[in-house]
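[1] sequence and predicted structure are below.
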Amino acid sequence: MTKKLFDFFLVTVGSLISAVGFNAMFLHNHIASGGVGGLAVSFEKLFGWTPATFVMASNIPLLVLCLVFLGRGVFLKTIYGSLIYPVFIQMTANFPNVTDNQLLAAIFGGIILGAGLGLVFLGNSSTGGTGIIVQILHKYTPLPFGVVLVLIDGLVVGISLVAFDADTVMYSIIALITISYVVEIISTGFNASKNIMIITKETKEVRDYITNTLDRGVSQWPIIGGFTGGTKEMLMTTVSSIEFPRLQKEILKYDETAFIIAMPASQVMGRGFSLTKQYNKATDDILPPM
């Protein structure tokens, strides 16, 4: 129950932040950065349609398609965000335009909107819109998710050529790239990890530190030096990005000549990461509990 309430909190706050970015940065600067929001910017210029009304009206049939083609589970995760977002757009409609510089609006509006959408995604929801179409096409066609996303958002940005000049469309593309980058950082940044490989003459001390003090698992591999032909032991462990500086400092305390390789790990699943350290051990588990 606590997790669900926290998810609702994230979706609510994220939708509010996104709505503020939309009204204070994008709308008056004609930044049509993909999605139903981008269409709302173009159609507001072409037909005078109120953005909040258009987003709400568009989401209703899209939610029906979501229920039919993607199932009840996805529908329930999507419905709250897709309905609360246009409500917040209407509530923040009178926010003053922060800047008349389209480049600044594209970059900083993209940061604000991306941060809001990132929080919504962390809350296991979405703001609906063309994201539903992307999910449907990805499910029922052989096209990769990224390709479908680019095609749909590219189509929306292309439509804005009817309403705005080429310079404005290019600013919209900058905004779209900024949003995608910020969403990616927020989605993975809180769980960023590093895969560490260590070759040291103090293998036992470093291994004991990782397992006993840092409370992480570690693998020990025999290796052969390509130049000398000598045998050594290599340690491999995975830690959070926050833990890495501490680990590096301690390794160099034991052996200032230690060879350390740190590689980004975009997704880590298992104990201490996707499973809690208190996860009950099964008899056939490959790794011991963290």
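    Yes, it's here. Numbers count the residues shown, from 1 in each chain.
[2] can you list the weak-confidence ranges in the stretch 51-200 of the chain?
    145-146, 188-191 (pLDDT under 70).
[3] mind listing the strands for it?
    In the stretch 51-200 of the chain, the strands defined using DSSP state E, counting those that start in this stretch lie at 193-199.
[4] the domain parsing of the protein - what is it?
    2-189, 193-265 (automatic domain parsing).
[5] deepest-packed of the ones you listed, please.
    Most buried of those by mean neighbour count (mean count of other CB atoms under 10 Å) is domain 2-189; its value is a mean of 19. Every C-beta, even on glycine, is put in place using the N, C-alpha and C of the backbone.
[6] measure the residue nearest to Gly118 when sequence neighbours are not counted to Ser219 for me?
    Using CB to CB, 6 or more residues apart in numbering and skipping the chain neighbours, the partner closest in space to Gly118 is Ile186 (2.9 Å). Using CB to CB, to the nearest Å, Ile186 is found at 31 Å from Ser219.
[7] that older thread, correct me, but the residue nearest to Gly118 touches Gly116?
    No - in this structure, Ile186 is not within contact of Gly116 by CB atoms under 8 Å, at 9.4 Å.
[8] could you pull out the helices for the stretch 151-290 of the chain?
    Secondary structure of the stretch 151-290 of the chain (DSSP state H, counting those that start in this stretch): helices located at 166-189, 203-208, 244-254.
[9] reformat the ones you listed as CSV; add distance to Val120.
    Below are those laid out as CSV (distance: least, CB to CB, whole Å):
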stretch, distance to Val120
helix 166-189, 9
helix 203-208, 41
helix 244-254, 29
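[10] correct me if wrong: Asn23 contacts Ala93.
    Yes - using CB under 8 Å, Asn23 is in contact with Ala93, at 5.9 Å.
[11] alpha carbons of stretch 46-65, in CSV - could you do that?
    C-alpha atoms of stretch 46-65 as CSV (Å, rounded to 0.1, in the frame of the first residue of the first chain):
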residue,chain,number,x,y,z
LEU,A,46,-4.0,26.3,-36.3
PHE,A,47,-7.5,26.1,-34.8
GLY,A,48,-7.4,27.9,-31.5
TRP,A,49,-8.1,24.7,-29.6
THR,A,50,-7.5,24.8,-25.8
PRO,A,51,-4.4,22.5,-25.1
ALA,A,52,-5.9,21.0,-22.0
THR,A,53,-9.2,20.1,-23.7
PHE,A,54,-7.4,18.7,-26.7
VAL,A,55,-5.1,16.5,-24.5
MET,A,56,-8.0,15.2,-22.4
ALA,A,57,-10.2,14.5,-25.5
SER,A,58,-7.4,12.7,-27.2
ASN,A,59,-6.5,10.6,-24.2
ILE,A,60,-10.0,9.1,-23.8
PRO,A,61,-10.1,7.1,-27.1
LEU,A,62,-6.4,6.3,-26.7
LEU,A,63,-7.2,4.8,-23.3
VAL,A,64,-9.9,2.7,-24.9
LEU,A,65,-7.3,1.4,-27.4
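[12] show me the contacts for the most centrally placed residue in the chain.
    Residue closest to the average C-alpha location in the chain (CA atoms, centre = their mean): Ser187, at 2.7 Å. Applying CB atoms under 8 Å, 6 or more residues apart in numbering to Ser187 gives the contacts Gly118, Phe121, Leu122.
[13] what's the angle between the biggest strand by length in the chain and strand 193-199?
    Secondary structure assigned by DSSP state E gives strand 231-240 as the longest strand of the chain. Strand 231-240 runs at 160 degrees relative to strand 193-199, counting by axes from the mean of the first three to the mean of the last three CA atoms, to 10 degrees.
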